[in-house]
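Participant: from the sequence below, what's the structure:
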Amino acid sequence: MYVDTRPVQTPLGDGVAGIDIGEARIAAVYDGQGVHLHSGRLIRARNHYANKHQAKLDARIARKKNGRPPGQRSSKRLRRLQRARRTLRDRIKRQNRDQLRKQARQVVSTLHESRVQTIAVGDLGDIRNRIDYGLRANQKLHAWMFGQFLTELKAQGRKFGLKVIVIDEAFTSQTCPWTGQRRKPRGRHFVSPCGQHRMDRDGVGAVNIRAKYLEIQAGRGTAYGRTPSLPWTPVLVGMAPTTWGQRFRPQVSHAQSKRGAVYKTARIPGL
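Facilitator: The predicted structure is shown next:
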């Protein structure tokens, strides 16, 4: 461990960006020009792997505990299984924390180059108390690392001189940015009630979070999403209405060994 001695950078402009934090897409970012989608599937797959193997270890540990007479000291194999479980969880936690930090820095550094000074992020603090979709969905929900990602965004934002503001994101993924009407999306894409526009639902959330922050700053109150006459068009200047955005996958290098040869591949940004 060492102290980060790099000086705090100065914002290059006064732009505003909106970020919608998700699970499959860890972040959907809209800076007023385009939507960028950052994948979170690697973290979800890693958590699925950890839960699967921890369940196997829990079953073996339970068999060892049930077969031990009361008062007898635990066996060496039981202690090994418990140590393996702790090692697994600690390793997954370190890997996820490292990936969140790298993705947060990528998001903030890209926004800094785009002359953004303020980042508006949707508030997800009480989502676990409001949603109940069953055992499988709740397991993913409780493994969702939105709080850690928000913490990393704030930490990286301080390094680049950017402010991270948390606002209420109610109905931001269900409100059409072009008409102001609400429609609950089906699947990963949002189709406007007028039928003329189509966009990724996470991108719609990012656009509306940014619009909501600008509306509050302009002193128009909290009538967002309730009055179709709000000035939606100026918020979307410079972005094609039918854009699907860019999908940035984690930059992870993979090395595979086959018959003594090593092949290195890297995931690259995809459209």
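Participant: now do the buried residues in the lengthiest strand in the chain.
Facilitator: Across the chain, the longest stretch assigned as strand under DSSP state E is strand 116-123. Going by neighbour count (16 or more other C-beta atoms under 10 Å), the buried part of strand 116-123 is 116-123. Bear in mind the C-beta positions are built from the backbone N, C-alpha and C, glycine included.
Participant: and it, what does it pack onto?
Facilitator: Contact analysis of strand 116-123 by 3 or more C-beta pairs under 8 Å, 6 or more residues apart in numbering; DSSP states H and E lists strand 15-20, helix 146-160, strand 163-168, helix 201-217 as its packing neighbours.
Participant: could the buried residues of strand 116-123 be laid out in JSON lines, adding distance to Gly180 and pLDDT?
Facilitator: Shown next, in JSON lines, are the buried residues of strand 116-123 (distance: C-beta to C-beta, whole Å; pLDDT from 0 to 100):
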{"residue": "Val116", "distance to Gly180": "25", "pLDDT": "91"}
{"residue": "Gln117", "distance to Gly180": "27", "pLDDT": "90"}
{"residue": "Thr118", "distance to Gly180": "23", "pLDDT": "92"}
{"residue": "Ile119", "distance to Gly180": "24", "pLDDT": "92"}
{"residue": "Ala120", "distance to Gly180": "18", "pLDDT": "92"}
{"residue": "Val121", "distance to Gly180": "22", "pLDDT": "91"}
{"residue": "Gly122", "distance to Gly180": "18", "pLDDT": "85"}
{"residue": "Asp123", "distance to Gly180": "21", "pLDDT": "81"}
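Participant: which residue ranges of this protein form strands?
Facilitator: So, for the chain - with DSSP E - the strands run 15-20, 25-30, 35-39, 116-123, 163-168, 189-191, 198-200, 246-248, 253-258, 261-266.
Participant: one step back: for the longest strand of the chain, what is the distance to the chain centroid?
Facilitator: Its chain's C-alpha centre and that of strand 116-123 lie 14 Å apart, by C-alpha atoms, centre = their mean, to the nearest Å.
Participant: can you list contacts of it?
Facilitator: For strand 116-123, contacts defined as C-beta atoms under 8 Å, 6 or more residues apart in numbering pick out 11, 13-21, 31, 108, 111, 150, 153, 157, 161-169, 172, 205, 209-210, 212-213.
Participant: follow-up on the earlier one: out of the strands of the chain, which is closest to Asn47?
Facilitator: Closest to Asn47 of the strands of the chain, according to C-beta to C-beta: strand 25-30, at 12.5 Å.
Participant: what number of residues are in the vicinity of Gln54?
Facilitator: Look at Gln54: counted by other C-beta atoms under 10 Å, it has 16 neighbours.
Participant: now the end-to-end length of stretch 186-193.
Facilitator: Stretch 186-193 has its terminal residues 13 Å apart, counting by C-alpha to C-alpha, to the nearest Å.
Participant: actually stretch 29-42, sorry about that
Facilitator: End-to-end span of stretch 29-42 (C-alpha to C-alpha): 19 Å.
Participant: so which bits of that stretch are buried?
Facilitator: With burial defined by 16+ other C-beta under 10 Å, the residues of stretch 29-42 counted as buried are 29-32, 35-40, 42.
Participant: before we move on, what about stretch 155-163?
Facilitator: Buried positions in stretch 155-163, judged by neighbour count with 16+ other C-beta under 10 Å: 156-157, 159-160, 162.
Participant: give me the contact list for that stretch.
Facilitator: 4, 6, 8-11, 101, 104-105, 107-109, 111-112, 116-119, 164.
Participant: quick one, what contacts Leu124?
Facilitator: Residues near Leu124 by C-beta under 8 Å, 6+ apart: 21, 146-147, 150, 169.
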